[in-house]
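**Q** Sequence first, then the predicted structure:
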Amino acid sequence: MRSEVIVGEDGDKIRIGSFVEMMDGVAPSELALPGDRIGYHGPEIEVEAVLVLMDYLEDVPVDGYDLLVLHHPPEVEPPIPYMTVHSNWDVADGGACDALADTLGLDVESFLDPETGLGRICHGDLSLEELIERTRALNSDTLRIVNPREHVDRVAVVSGFGLSDKSLLMRAWSEGVQVYLSGDLTHGPAILGRNMDLTLIDAGHHATEMPGLHRLREVIEDFGVRAELWDTGTPWSEYRLV
């Protein structure tokens, strides 16, 4: 686990109903994909201190916080009230996908999937080498690349899981995208991308989600409460066999 904590300034107390209403203003619940477990879980409380996490882990200290704001729905029940802001934050204007494009210095042209609002297609006009250099801002440990090419005009980005979804690869290809950057590349989509001559860059699920988590903390701090971000890192360790 990475122990990086981004600490916010001291804030005021607001009722949870007002907090949920403000959050719905920046990541409307109706934008969530079908079946996504978003929303507030807990009693009526006043919120003064918020901890933002990508995932709830039982070894993350939560004492001193009134509320957890989680990106991924929790796999185990947290010990304090929590609110999950997931696909509605991915899709939202200024949310996770826009934060990823901004971190990479890309100008957004349109949605990758206009039906759901997921993903962004961006103007590139840069070399693949330059795009790879820009991924340093994501602090990704490694990149996995399918079909390297020299020049890039259009880039599609999705925070998190995008490379595991073949329908999003097909949409990127049909929209004339040359490079599709996201996380969670698996064998089947890699073969599909290779046969379509679509360049795929897997920068990792965690790394492509973190720009959105930083922006989410800033948004919550603008509500007037103290907001901190704990980077829990990837949920595994990597071992190299020699």
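**A** In hand now; what should we look at?
**Q** surely Gly64 meets Ala49?
**A** Yes: if you go by C-beta atoms under 8 Å, Gly64 and Ala49 touch, sitting 6.2 Å apart. Where C-beta positions appear, they are placed from N, C-alpha and C, glycine not excepted.
**Q** Neighbour count for the two, which is higher?
**A** Set Gly64 next to Ala49 and count neighbours by other C-beta atoms under 10 Å: Ala49 wins out with 16 against 10.
**Q** hang on, the more buried one packs against Glu228?
**A** Yes: between Ala49 and Glu228 there is a contact at 7.5 Å, judged by C-beta under 8 Å.
**Q** Going by residue numbers, what spans are helices in the chain?
**A** Using DSSP state H, the helices of the chain run over residues 16-26, 87-91, 96-103, 128-134, 166-174, 187-195, 205-222.
**Q** what would the ones you listed look like in CSV with distance to Val146 and mean neighbour count?
**A** Shown next, in CSV, are these (distance: least, C-beta to C-beta, whole Å; neighbours: other C-beta atoms under 10 Å):
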stretch, distance to Val146, mean neighbour count
helix 16-26, 34, 16
helix 87-91, 23, 26
helix 96-103, 19, 24
helix 128-134, 12, 15
helix 166-174, 10, 18
helix 187-195, 5, 15
helix 205-222, 16, 22
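**Q** check contacts around the residue nearest in space to the middle of the chain.
**A** By C-alpha atoms, centre = their mean, the chain has its centre lying nearest to Glu209, at 2.8 Å. By C-beta atoms under 8 Å, 6 or more residues apart in numbering, Glu209 lies in contact with Met54, His71, Ala96, Ser159, Gly160, Gly183.
**Q** The fifth one and Thr208 touch, don't they?
**A** Yes: with the criterion set as C-beta under 8 Å, Gly160 and Thr208 qualify as a contacting pair; they are 5.9 Å apart.
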